[in-house]
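Asker: For reference, the sequence and a predicted model appear below.
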Amino acid sequence: MNEKRPPHPGEEKSVESALTPLGTPPAAPREADIIHLGPEMAVAEADVRSAETREIVRGTSLWKDAWRRLLKNKLAVFGLVVVALVTVAAIIGPAVIKRISGFTPDYIPTNDVRLIKAFPPFTGPDGRFSWSHPMGTDTAGRDQLARVLQGGQISLFVGIISTLVSLLIGVSYGAVAGYLGGRLDNFMMRLVDVLYSLPYVIVVIVLLSMFRSQTARGQLILLFIALGSVSWLTMARIVRGQVLSLKNQEFVLAARATGVSTTRIIFRHVVPNTLGPVIVYATLTIPQIMLTEAFLSFLGFGVQAPLASWGSLSADGIQNIGIFPWQLIFPGVTMALTLFSLNFLGDGLRDALDPQMRTF
Amino acid sequence: MFRFIIRRLFITIPTILVVITLTWGLIKLAPGNFYSGEKKLPAAIEKNIREKYGLDKPWYQQYGKTMWNILRHGDFGTSLKYEGQSVNGIIARSLPVSAAVGILAYILALLIGITAGSIAALKQNSRWDYSSMALAMLGISVPNFVLGPILVLVFSLSLYWLPPSRWGGFPSKNLILPVLTLSAIYMAYIARLTRAGMLEVLRSDYIRTARSKGLSEKDVLVRHALRGGLMPVISYTGPALAFLLTGTVVVEKLFALPGLGNYFIQASLNRDEPLIIGIVAFIAITLLLMNLLVDIAYAFLDPRVRY
Amino acid sequence: MNQNNGQLLEVRDLRTYFETEDGLVKAVDGISFVLKRGDTLGIVGESGSGKSVTNLSIIRLIPDPPGKIVSGEVIFNGQDLLLLPGKEVRKIRGRRIAMIFQDPMTSLNPFMKISRQLMEMTQLHLGHTREQAYQHAVKMLDTVGIPDASERANNYPHEFSGGMRQRVMIAMALSCEPELLIADEPTTALDVTIQAQILELIKKLKHETGTSVILITHDLGVVAGMTDHVIVMYAGKVFEQAPTAELFSTPGNPYTKGLLRSVPDPTAEQGQLYQIPGLPPDVAHRPPGCPFAPRCDRVEEICHREFPPFVQLNADQCSLCHFAREVYAESGGVGADL
């Protein structure tokens, strides 16, 4: 008897939302209709339908449609803009600041301990208004703005690379399991089930605390692997669900009939058509991973000095929360803002790529 | 159903063993050990220490002894750092602290989250909907280690209403800030899940049927929609618990609470092998059991699910 | 409520519009018809013609937003349902007008025992106690032909087959002995053999209880066997209305004729099956003129320019076409003054 776990809502949804006919005339919608997500499918579908249909129906590709819908969603656009701004600022920011004011994230103005003070935002050494430190400085006198921007570099970098890692693992795993099916699929998914219910992060903490790398770079690589290996599970499930629905589609049968090898089929034909949910989920995974990295850094297991991420900056900032609250507030708020925008963007993408049922 | 439970339990046991072994292996493989500090110890002292704790024996013997104690007596040994205290004892003492904060946080999250989400679904696209979902979004985006200190800044250091840290027993004012900090993100997730779940249910055919029978909106909502709409929230409980654990770690550090999470971090930093293994095993068992409970509850609530 | 010359329901110029991303969709754009007490009225049309929306509008179940009943009157037993306050409409729903839907799989609450779903009706509208409601539910299940009704009443919807589920829906709908039953494509989702059974059931119950029925379908075969009068809908408008027999024998509208030709005739020789060319129109962007013009085989220039008139062909039959009389005459109709 099949003792599968009850299908939890997230899984069913990913199967249902897999496919819908492209270019269906709006007059004939049905709830459980299927969407073809890939551009390849768009072409195949259009060919199959007769010429007369093509005249009457406005053929838009799914991606253009989705983009249009996304742009209509003001919150998503806001998210996109903010994320873009923050990314640009993080990339070129430190260099720009260096040119303008000469401050780098590590620059300590003087070695004389007596002269070092933490300045509040927009204050100069003499206590009067000054542009030199818009975000203030930390207790060692380092410019906060530069540090926050560099923190952004690291946080975003770690977030994106780790997401890519988890994407790689998750998509491959899910695609293989879904396509090959049968007992292998069963086994692979049970493994996922088991892993899902484990205190993954706890083991990761043990891993990171045991294997502290000597170099900051080494630590980063460790982080990529650790963080990536936490989030691939759900991606694998989603991809598998999609692949299951796509498996029996005509274009797959056609590819098999012409003798395309299984690996090629999986990776060149099936996977591109799962892109939609994958993109959505990836966009939503980035903030999750960034949060995890931040929390690890906060605890001391993540990014090591001299590199700083928003998490470690916050940890530093908390030390003096009573006296210099801005040391926590600036990195914290910046991070919250970025995550906020990423989440909105992810939500908007999901709404754009997964159209709601028409209401008539 | 019964067979399902038995089968699940069957899988759980080897899983736990694998987790323990994995953890044990990681600790053994890692460079460094629990007794080395800044300075290198003289060879003789080091030898003594290693003998005392059985660290000079070959690895398979150490593994065997550890596992034997665990499986036979449920004994996870004594802490290497905290002299003389048994691991089981430490867990027993610190668990109530973590449990209190965690459970209260989740209950609060459920209460507020479900209510807010349901109302948002009912009044879709209203001002209530937009503002509560915006707040929820904030809840997901603000890390708990940012929220916590901000709450402390406002309520303790500025307004002097609540104590900023320390454990004050149960129940006490000391609980309020940690619980709030911990529950924020779950409140947000649950609100969003409830809204999404309810919206989907409210669009379904059987709700249309219920309305066509002449039921009032309230009856439609409570008697028909709620059951299906809350399913996502119930499923979420499983993974939520896993995250709750990590959240607890942060909160305990922020508020200096002597809970399981704090001990775990300390143990990891100290390379306190028995304690680490003990806590990891305990957490793994708890999680797996809770997940089993969630699946059972799900089966109860959804008559279509068959075992 | 007066008898209104045997009229149970009169719909006058009903308009229901939807605000969508693609513009204003006029799903129902000026429908009028009459249902006599004891009659079965068929509403026929392709997907998107507005037939389901018409029914939902009658009992005011249109989701708002995005839909809105913009104008018109729905006079049920002398009362305009569109003017009643919500509370009053709820009293009528289920009690005096009941509805069954297309897909019995999704139309029943999967989390509730069917006994409870049936009991709800009578407890609410007839004030039954739990005992009474339960007895009544079992009786209804028996009436619709569910074997072992008293035991199966405690089952869940997924434990029934499709046909059985539809019977359950019928039982539920008729629990309070409503005056009007609206059946929205009740058999489309079922196997052909089961279809016949369900339709027979509806017929039988109608005779026993005297309920009037509005039957919505796209299947002309169903219409032929079940209905007394038919209205043919297209693009949110009534294109033809007639007593059933006359619609089939002497249709007065090219669309109706097209539909009739599309029904496969087993006695005809092997050949291509006829299908009305093209697809239903995009109801959000309708060009002026007759909505059917792009697909009509009788189309002329005036059809693209002007909206066709609603022509009264004889006492009971009307058609929306510039050439209604000609078409009617061609089919052998008499009595239309040319």
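Answerer: Great, that's in hand.
Asker: what's around A:Leu275, how many residues?
Answerer: By the criterion of other CB atoms under 10 Å in any protein chain shown, A:Leu275 has 18 neighbours. From N, CA and C alone the C-beta is placed, and that goes for glycine too.
Asker: and it, backbone torsions?
Answerer: When read as degrees, to the nearest 10, the backbone of A:Leu275 gives phi -50, psi -40.
Asker: Which parts of chain C are helices?
Answerer: Assigned by DSSP state H, the helices in chain C fall at C:51-58, C:86-92, C:104-107, C:114-125, C:130-143, C:149-152, C:162-173, C:192-209, C:220-226, C:244-249, C:254-262, C:301-305, C:324-330.
Asker: Now tabulate these in CSV and tack on mean neighbour count and mean pLDDT.
Answerer: Output for the helices of chain C, formatted as CSV (neighbours: other CB atoms under 10 Å in any protein chain shown; pLDDT from 0 to 100):
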stretch, mean neighbour count, mean pLDDT
helix C:51-58, 24, 89
helix C:86-92, 15, 88
helix C:104-107, 22, 87
helix C:114-125, 23, 90
helix C:130-143, 18, 91
helix C:149-152, 15, 86
helix C:162-173, 25, 90
helix C:192-209, 16, 87
helix C:220-226, 18, 86
helix C:244-249, 18, 88
helix C:254-262, 21, 85
helix C:301-305, 14, 84
helix C:324-330, 20, 84
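Asker: Let me know which of those is the nearest to A:Gln150.
Answerer: Closest to A:Gln150 of the helices of chain C is helix C:104-107 (CB to CB; 54.3 Å).
Asker: Tell me how far that closest one lies from the chain's centre.
Answerer: Centroid displacement of helix C:104-107 relative to its chain, using CA atoms, centre = their mean, to the nearest Å, is 18 Å.
Asker: Stretch B:140-150 now?
Answerer: With CA atoms, centre = their mean as the basis, stretch B:140-150 stands 17 Å off its chain's centre.
Asker: Then stretch C:151-163?
Answerer: For stretch C:151-163, the separation from the chain centroid amounts to 26 Å (computed by CA atoms, centre = their mean).
Asker: Next up, the contacts around residue 86.
Answerer: Looking at chain A here, since you left the chain open. Contacts here follow CB atoms under 8 Å, 6 or more residues apart in numbering or on different chains; on that basis A:Val86 touches A:152, A:156, A:334, A:337-338, A:341.
Asker: That was the other one, I meant chain B.
Answerer: So B:Ser86 contacts B:75-79 (CB under 8 Å, 6+ apart).
Asker: List the contacts of residue 77.
Answerer: Went with chain A since none was named. Counted by CB under 8 Å, 6+ apart, A:Val77 has contacts A:70-71, A:348.
Asker: please go with chain B instead
Answerer: B:Gly77 makes contacts with B:66, B:69, B:86-87, B:274, B:278, as judged by CB under 8 Å, 6+ apart.
Asker: let's go with 6 Å and repeat that
Answerer: Listed by CB atoms under 6 Å, 6 or more residues apart in numbering or on different chains, the contact set of B:Gly77 reads B:87, B:274.
Asker: do the same with C:Ser49
Answerer: So C:Ser49 contacts C:233-234 (CB under 6 Å, 6+ apart).
Asker: let's see it at 7 Å
Answerer: By CB atoms under 7 Å, 6 or more residues apart in numbering or on different chains, the residues touching C:Ser49 are C:233-235, C:280.
Asker: Can you list phi and psi of it for me?
Answerer: Dihedral angles (degrees, to the nearest 10) for C:Ser49: phi -80, psi -10.
Asker: burial of A:Asn248, as a residue count?
Answerer: A:Asn248, neighbours per other CB under 10 Å, totals 8.
Asker: And it, how close does it get to chain C?
Answerer: From A:Asn248 over to chain C the distance is 22 Å, taken as CB to the nearest CB, to the nearest Å.
Asker: Report pLDDT for that residue.
Answerer: At A:Asn248, the predicted lDDT confidence score is 70.
Asker: Scan the chain for its longest helix.
Answerer: Using chain A. helix A:144-180.
Asker: Switch to chain B, please.
Answerer: helix B:87-122.
Asker: Can you name the next helix or strand after that helix?
Answerer: Using DSSP states H and E, the helix or strand that follows helix B:87-122 towards the C-terminus is helix B:127-141.
Asker: which stretches of the stretch 1-150 of chain A have low pLDDT?
Answerer: Where the stretch 1-150 of chain A drops to pLDDT under 70, the residues are A:1-62, A:101-134, A:139-141.
Asker: ok, now the stretch 151-300 of chain A?
Answerer: Residue ranges of the stretch 151-300 of chain A with pLDDT under 70: A:213-214, A:250, A:265-266, A:269-271.
Asker: got the residue ranges for the helices in the stretch 151-300 of chain B?
Answerer: B:176-202, B:205-212, B:217-219, B:226-229, B:231-255, B:260-270, B:273-301 (DSSP state H, counting those that start in this stretch).
Asker: could I get these as a markdown table with mean neighbour count, mean pLDDT and distance to chain A?
Answerer: Formatted as a markdown table, the helices of the stretch 151-300 of chain B follow (neighbours: other CB atoms under 10 Å in any protein chain shown; pLDDT from 0 to 100; distance: least, CB to the nearest CB, whole Å):
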| stretch | mean neighbour count | mean pLDDT | distance to chain A |
| --- | --- | --- | --- |
| helix B:176-202 | 24 | 89 | 7 |
| helix B:205-212 | 22 | 90 | 8 |
| helix B:217-219 | 13 | 85 | 19 |
| helix B:226-229 | 20 | 85 | 10 |
| helix B:231-255 | 22 | 84 | 4 |
| helix B:260-270 | 22 | 85 | 4 |
| helix B:273-301 | 21 | 84 | 4 |
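Asker: Cool, thanks, signing off.
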